[in-house]
Structure formats: structure tokens, C-alpha cells
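Chemist: Predicted model and sequence below, questions to follow.
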Amino acid sequence: AAVLNALVGLERCMRDASKANRAVGEKQLQKLDGAWRLVFTTGTLDTQEMTGRQINYFPLKAIQQFDTRSQPMRIRNSIYVGDTAVISFSGSFEWLLPQRKLEFDFDRIALFGGTLDFNLGQGKAAELGSASGLGSKGNVENAKKGRKPFFLWSYADDQIATARG
């Protein structure tokens with residue numbers, strides 16, 4: 001509970017700071033550029049109810065990569081076994097200020113380090129995420145309505161990044 005309370009407090013603080021000064025959100029986007037390891041997840045509400053926990057350690061090596069310099073900006077989420085990405089989703093993203101909202105759409109899936117690589121139709125990543133338990137069932141409905149999945153970023157510096165989504 002202490003970790004969750006600290007994250008919620010940080011989220012509120014950064015929301016207020018970003019509303020007062022647009023540069024706060026712009027700096028956060030710059031700090032996201034690069035690769036980040038997923039360590040903890042809150043999971044979906046369904047997962048929280050099933051496990052009885054709000055925060056869970058993520059035992060697999062999962063890396064989120066953000067390329068903020070490309071146009072459009074790019075996102076890649078990968079799960080690894082050793083040094084090989086056994087599954088990767090990639091696509092474009094937009095950064096919305098002042099809410100520090102990163103909206104994304106995965107349009108490709110790669111398996112086994114890119115040995116197999118496929119285009120994904122609109123909403124297909126949401127369906128795969130929902131079926132695997134890695135994503136929310138709500139993302140499927142949102143995709144049907146033309147809404148993209150998103151992360152609300154609380155904080156990012158050179159060592160840690162926190163978000164909810």
C-alpha cells in the first residue's frame with residue numbers, strides 16, 4: 001500500500017506541475033526516449049481482483065522502447081527469454097500535453113527475435129492483449145470505438161519512469 005500511495009502522490013504532484021508549466025511534460029517526453037524495463041505492474045482491475053493485489057512484480061524480462069525522435073514517434077513492447085525478444089509489439093504513439101498522455105497503436109507483431117513478423121489490423125493488438133491477460137478487455141471495446149490504448153505518465157528521469165495505463 002505504501003508504494004501505491006507514493007505513486008499516486010507522485011502522479012498528483014506531476015499533474016499539477018505539468019498543468020502549471022508545459023515544459024514539465026515536454027521534459028518528461030524527452031526522458032522517455034530509450035528502453036525501459038518493466039518491473040512492477042498494477043494490471044487490469046480484473047487482474048487486481050483475481051490476485052487480491054494492486055501492485056505485482058513482473059517476473060519476465062519485459063522492455064518498453066520509445067523513439068521520441070522519429071516521426072511518427074515509435075513504441076515497442078517486448079518480452080524476452082534471455083537476450084531474445086520472443087514477442088514484440090510495435091507501432092506509433094502520440095504525446096498529449098499537458099496530461100502527459102501517451103496514446104499508442106500497435107501495428108506489428110514480431111516473434112522469436114523477428115524471425116516471424118506480421119502486420120496487425122486495427123484493434124488486433126487489443127484482442128491479443130485481452131486474450132493473453134496482458135491487456136484490458138476494455139481496450140477491445142475502445143478499439144472498436146476508434147480510441148487508442150494509453151499510458152498516463154507520472155514521472156521520468158534518467159533511472160526510473162512511472163505510468164498508469
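Modeler: Cool, got the structure.
Chemist: who's in contact with the closest residue to G123 other than its chain neighbours?
Modeler: Closest residue to G123 apart from its sequence neighbours, by CB to CB, 6 or more residues apart in numbering: A143 at 3.5 Å. C-betas here are computed from N, CA, C, even on glycine. Contact analysis of A143 by CB atoms under 8 Å, 6 or more residues apart in numbering lists 122-123, 126-127, 149.
Chemist: quick one: which of those residues is nearest N139?
Modeler: A126 (4.0 Å; CB to CB).
Chemist: Which of the contacts of A143 has the largest number of neighbours?
Modeler: Among the contacts of A143, the one with the most neighbours (other CB atoms under 10 Å) is A126, at 25 neighbours.
Chemist: D107 and L120 touch, don't they?
Modeler: Yes: between D107 and L120 there is a contact at 5.5 Å, judged by CB atoms under 8 Å.
Chemist: which residues do the two both contact?
Modeler: Residues touching both D107 and L120 (CB under 8 Å, 6+ apart): none.
Chemist: a strand runs through P98, doesn't it?
Modeler: No: P98: not assigned to a strand; according to DSSP: H, G, I helix; E, B strand; the rest coil it is coil.
Chemist: Excluding chain neighbours, what is closest to it?
Modeler: That would be S18: by CB to CB, 6+ apart, it lies 4.7 Å from P98.
Chemist: which residues in this protein form helices?
Modeler: All helices of the chain, identified by DSSP state H, fall at 2-20, 22-32, 45-51, 124-132, 137-144.
Chemist: Point out where the protein drops to low pLDDT.
Modeler: Along the chain, the parts satisfying pLDDT under 70 run over 1, 41-48, 50-51, 53-57, 133-134.
Chemist: Who does the nearest residue to F89 once chain neighbours are set aside form a beta bridge with?
Modeler: Computed as CB to CB, 6+ apart, the closest residue to F89 that is not its neighbour in sequence is F106, at 4.1 Å. F106 has these beta-bridge partners by DSSP bridges: G91.
Chemist: for F106, what are its contacts?
Modeler: By CB under 8 Å, 6+ apart, the neighbours of F106 are 75, 77, 89-91, 120, 125.
Chemist: count of neighbours near S70?
Modeler: S70 has 10 neighbours, counted by other CB under 10 Å.
Chemist: Could you report the separation of it from D105?
Modeler: Distance of S70 to D105, given as CB to CB, to the nearest Å: 15 Å.
Chemist: again with N139
Modeler: N139 is 11 Å from D105, by CB to CB.
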